[in-house]
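Peer 1: What would the 3D arrangement of this be:
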Amino acid sequence: MYQLIRRTLGATTLMLVLTASNAKSQDGQPAFAVRSVLEGTWQLIEWHVGDIVLESPDMEGRWMVYDGVVMATRHREGPGDDFESTAGYGAYRWTPTQWIYGYERSEDLRGPSAEDAELRITGSNPIRMSTFDIILEGDMLILDGEALRWEYDIPNETFDMKSTATGRTIRKYRKIH
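Peer 2: The predicted model follows:
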């Protein structure tokens, strides 16, 4: 019960700060409250593969966003004979109205099983960056990009990563730190 009250008060306070600040600060970055929604450690709680939604223990992952550095690890078994494991790191930066990020290196294993997976290493120097517009809609913070749309549910501390082409959820995360 205490966590529910704390989460509700925290979300309410954050929404008041976002509304009062109009989501922008004076230092060339979005307001601290906007940055605090995104920055932290996120646990992967759903991985959508076609019409199948995988949850733990069939998939695990973390997405970490701290001090200009982004790191991702994801692993899934299935559905069926389908294995995927990824580890990557890169950088991000803010403008008053956008979030920009990219991966410097990513190592991806894909195949019918862990034993039969092939390793693909992707590097980018300079880092190929993707740009997302920052949008506030009610209690949602949205990062809207060319290929992806990230919808942050501020009170519930979750976000859905969606395809802009189909509108379908790809993965869902919950903030853990």
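Peer 1: For residue 43, give me its contacts.
Peer 2: 61-62, 173-176 (C-beta atoms under 8 Å, 6 or more residues apart in numbering). For every residue, glycine as well, the C-beta is placed using N, CA and C.
Peer 1: Next, format those as CSV and append secondary structure, distance to residue 127 and pLDDT.
Peer 2: Formatted as CSV, the contacts of residue 43 follow (DSSP: H, G, I helix; E, B strand; the rest coil; distance: C-beta to C-beta, whole Å; pLDDT from 0 to 100):
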residue, secondary structure, distance to residue 127, pLDDT
61, strand, 21, 98
62, strand, 20, 98
173, strand, 22, 98
174, strand, 27, 98
175, strand, 25, 98
176, coil, 26, 97
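Peer 1: Among those, which pair sits farthest apart?
Peer 2: Within the contacts of residue 43, 61 and 175 form the most distant pair, 13.5 Å apart (C-beta to C-beta).
Peer 1: Which pLDDT value belongs to residue 21?
Peer 2: Looking at residue 21, its pLDDT stands at 42.
Peer 1: should've said residue 177
Peer 2: 83.
Peer 1: What of residue 91?
Peer 2: Residue 91 is assigned 97 on the pLDDT scale.
Peer 1: Contacts only, for it.
Peer 2: Taking C-beta under 8 Å, 6+ apart, we find residue 91 in contact with 68-70, 101-102, 104, 127.
Peer 1: All good on my end, thank you.
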